[in-house]
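J.: Please work out how this folds:
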Amino acid sequence: MTTSSSRPRIDPIAPHLRWDVLTPTDIERIHEATLRTLEDVGIRFPSDTALDVLASGGGLVDRGTQMVRLPRQVVLDALAQAPREYVLAGRDPACDMSIDLQHCYLSNDGSGVFVQDPRSGEKRPSTKADAAESARFVDALPSISYYWGPVVTSRDMPPATRALHDAEAVLTSTGKHFQTVTTVGEKPARYLIEMAAAIVGGTDALRKRPIISFMQCAVDPLAHDGPNLEANIVAAEHGLAAGFMPMPLAAGTGPATMAGNLVVNQAEALSGVVLLQLVNPGVPCFIAAAPSVIDLQTGGYTGGSPEDYLLAAACTQLAHYYGLPIAMGTMATGAKEPGWQAAVDDSLSTVASVMSWADMMNGCGLLDGSKILSYPHMVMETEIYRIVQKMAGGIVVDDETLALDVIADVGPNGTYLGEKHTRRHMKEIWRPQVWDRAPYDVWVREGRRGAFEKAVEMADEILATHEPPPLPVDVLAELRAIVDRADLELGGS
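T.: You can find the predicted model right below:
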């Protein structure tokens, strides 16, 4: 599983098939309902900086309530300015991602707080060392194109600068693009940008090779968080891609109906696009979404339901209706271990995201509603990804694939094993890396080992052998110095 010159650093899906769950009329009605909600109800922006930007850009601002109503034309003008294509660069150029509405890129899941021992099943709090190890692990897996999060946070670091310790661990441990979801507030955002600029050679170079991007969560329903807003404003000022992820729970923080849930999701996400375009017209941005439903028995997040899959596909359709890329929550499972429930959750959500052409899919590796990191689970999820990748390619029908000549040559009762046509195409046949296909007696003789045991072995090998592209010693020292300064200024250790 370690990287080699013969294996791609990243392996995105370029789907051929598409699954549309909304009709053109459905999309227009949701679009109109979203514009009405933005114009008549508004969104809460608890940040003076954001309120100033929105007021100067045509938003109707109520300073007392921090509510902003966005006229239809303000929204449409902002959407027209947002770029349709851009590149999210990797520290390693082989990991650059072309965000073009044609490719699906998978990331790990993020913001977990526990690590699970694959043999005992015991969980423990995550540390900065775990954040670094998780980035090194992701670096080894071509199915995972970028690092999102971090997977698990540095709970042994002070809260005020934990995100920067996370970033130091990640940026030194993977050559893939880093999309942060824990860097909140203006000052931490500026420190993170300073760290990324130190790696690529300055802020101007960072604009040309954006090795980081920002994602923040919205506050459902119809609100944002102040520090989240200010971090994404800093990102936009520096020309870095950013987006806001609503997570409305139907019957809780969103309407019980899926259509109503989509309106809340879209209103929150589009309001973020408006803000970013007013800060820096033409800056790369994206819509994000992780809508779900409330568990009616516990009141919690389901982490996998039929509604999730439909909502995911619908959100992607709506984002692409505006010509914007989307970051879609994918593979989030409520299962506590990498078993049958996790496999179903992850498989169906990946099919929904890929078949609707979601641009960024966050992500794999966590259990229990995005809380517990399991490396074998992440390995098995990349197997699911590869299966869906093959499905999404569809069936190619042309003279070569119809194979009429070879069918005639082999004739009745023959075999195709020795044919040149077979040798040309045999590598196109999907082969498992984790799933068990051994004959029954071989399976028994070898200890009845299944996918989980194989995944544990593969995870152990990656952790023991994989080394990411190293950073120069002087850059490592500069990153350490930046984090030390942040600790002093922001109240860290």
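J.: Could you use CA atoms for every contact and neighbour count after this?
T.: Fine.
J.: any low-confidence regions in the protein?
T.: 1-6, 492-493 (pLDDT under 70).
J.: Domain ranges for it, per the record?
T.: Following automatic domain parsing, the chain resolves into domains at 1-394+430-493, 399-428.
J.: center of the chain - which residue?
T.: Nearest residue to the geometric centre of the chain (C-alpha atoms, centre = their mean): Asn362, 2.5 Å.
J.: Identify all contacting residues around stretch 409-422.
T.: Residues from elsewhere that reach stretch 409-422, judged by C-alpha atoms under 8 Å, 6 or more residues apart in numbering: 403, 406.
J.: That one spans what distance, first to last residue?
T.: One end of stretch 409-422 to the other measures 13 Å (C-alpha to C-alpha, to the nearest Å).
J.: coming back round to it: against Asn228, how distant is the residue nearest to the centre of the chain?
T.: Noted for Asn362: a distance of 19 Å to Asn228, by C-alpha to C-alpha.
J.: what ranges do the strands span in the stretch 251-400 of the chain?
T.: Secondary structure of the stretch 251-400 of the chain (DSSP state E, counting those that start in this stretch): strands at 285-289, 292-293, 326-329, 360-364, 366-367, 372-373.
J.: Format those strands as TSV; extra columns: distance to Ala80.
T.: Shown next, in TSV, are the strands of the stretch 251-400 of the chain (distance: least, C-alpha to C-alpha, whole Å):
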stretch	distance to Ala80
strand 285-289	12
strand 292-293	29
strand 326-329	16
strand 360-364	21
strand 366-367	36
strand 372-373	39
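J.: mind checking which of those strands is nearest Pro255?
T.: Across the strands of the stretch 251-400 of the chain, Pro255 has its closest neighbour in strand 292-293 (9.4 Å, C-alpha to C-alpha).
J.: Skipping adjacent residues, who's closest to Arg449 in space?
T.: Once flanking residues are discounted, Arg449 sits nearest to Trp443: 6.7 Å by C-alpha to C-alpha, 6 or more residues apart in numbering.
J.: name the helices or strands packed onto the helix or strand containing Ile30?
T.: Using DSSP states H and E, Ile30 sits within helix 24-36. Helix 24-36 sits against helix 72-81, helix 258-279, helix 306-321, with contacts defined as 3 or more C-alpha pairs under 8 Å, 6 or more residues apart in numbering; DSSP states H and E.
J.: Leu22: which of those is closest?
T.: helix 306-321 (6.3 Å).
J.: Touching that closest one from outside, list them.
T.: When contacts are defined by C-alpha under 8 Å, 6+ apart, helix 306-321 is touched by residues 19-22, 27, 31, 101, 258, 262, 266, 287, 289-293, 325-326, 328-329, 348-349, 352-353, 355-358.
J.: in that helix, what's buried?
T.: Of the residues in helix 306-321, 308-320 count as buried by neighbour count, 16 or more other C-alpha atoms under 10 Å.
J.: before we move on, back to that, with distance to Asp474 added, can I get the helices and strands packed on helix 24-36 in TSV?
T.: Formatted as TSV, the helices and strands packed on helix 24-36 follow (distance: least, C-alpha to C-alpha, whole Å):
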stretch	distance to Asp474
helix 72-81	39
helix 258-279	34
helix 306-321	42
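J.: Tell me which of those lies nearest to Gly339.
T.: Closest approach to Gly339 among those is made by helix 306-321 (18.4 Å; C-alpha to C-alpha).
J.: all helices for the stretch 101-250 of the chain, in order.
T.: With DSSP state H, counting those that start in this stretch as the criterion, the stretch 101-250 of the chain has helices at 128-139, 162-171, 186-200, 203-208, 226-237.
J.: quick one: buried residues of the first one?
T.: Within helix 128-139, the residues that count as buried by 16+ other C-alpha under 10 Å are 128-139.
J.: That one packs against which elements?
T.: With contacts taken as 3+ C-alpha pairs under 8 Å, 6+ apart, helix 128-139 sits against strand 144-149, helix 162-171, helix 451-465.
J.: among these, which is nearest Asp474?
T.: Among the helices and strands packed on helix 128-139, helix 162-171 comes nearest to Asp474, with 14.0 Å by C-alpha to C-alpha.
J.: Spit out the contact partners of Leu324.
T.: Leu324 sits next to 82-84, 101, 285-287 when contact means C-alpha under 8 Å, 6+ apart.
J.: hey, where'd the helices end up in the stretch 301-450 of the chain?
T.: Ranges of helices within the stretch 301-450 of the chain are 306-321, 340-355, 375-392, 399-402, 404-410, 420-425, 440-445, based on DSSP H, counting those that start in this stretch.
J.: so which of these comes closest to Phe114?
T.: Ranking the helices of the stretch 301-450 of the chain by distance to Phe114, with C-alpha to C-alpha as the measure, places helix 375-392 first at 11.9 Å.
J.: Output the closest one in PDB with nothing but the alpha carbons.
T.: Presented in PDB, the C-alpha positions along helix 375-392 are these (Å, rounded to 0.1, in the frame of the first residue of the first chain):
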ATOM      1  CA  TYR A 375      -7.600   2.900  10.100                       C
ATOM      2  CA  PRO A 376      -8.900  -0.600   8.900                       C
ATOM      3  CA  HIS A 377     -12.300   1.100   8.400                       C
ATOM      4  CA  MET A 378     -10.700   3.700   6.200                       C
ATOM      5  CA  VAL A 379      -9.000   1.000   4.100                       C
ATOM      6  CA  MET A 380     -12.300  -0.900   3.600                       C
ATOM      7  CA  GLU A 381     -14.000   2.400   2.600                       C
ATOM      8  CA  THR A 382     -11.400   2.900  -0.100                       C
ATOM      9  CA  GLU A 383     -12.500  -0.600  -1.400                       C
ATOM     10  CA  ILE A 384     -16.100   0.700  -1.500                       C
ATOM     11  CA  TYR A 385     -14.800   3.800  -3.400                       C
ATOM     12  CA  ARG A 386     -13.100   1.700  -6.000                       C
ATOM     13  CA  ILE A 387     -16.200  -0.400  -6.500                       C
ATOM     14  CA  VAL A 388     -18.300   2.700  -7.100                       C
ATOM     15  CA  GLN A 389     -15.600   4.100  -9.300                       C
ATOM     16  CA  LYS A 390     -16.000   1.100 -11.600                       C
ATOM     17  CA  MET A 391     -19.800   1.300 -11.500                       C
ATOM     18  CA  ALA A 392     -19.800   5.000 -12.400                       C
END
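J.: does Ala50 sit in a helix or strand, and which one?
T.: Applying DSSP H and E, one finds Ala50 within helix 48-56.
J.: CA atoms only: put that helix into CSV for me.
T.: Extracted C-alpha coordinates of helix 48-56, given in CSV (Å, rounded to 0.1, in the frame of the first residue of the first chain):
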residue,chain,number,x,y,z
ASP,A,48,-19.4,43.0,12.5
THR,A,49,-16.9,42.4,9.8
ALA,A,50,-19.4,40.3,7.8
LEU,A,51,-22.2,42.8,8.4
ASP,A,52,-20.1,45.6,7.1
VAL,A,53,-19.3,43.7,3.9
LEU,A,54,-22.9,42.7,3.3
ALA,A,55,-24.3,46.2,4.0
SER,A,56,-21.8,47.7,1.5
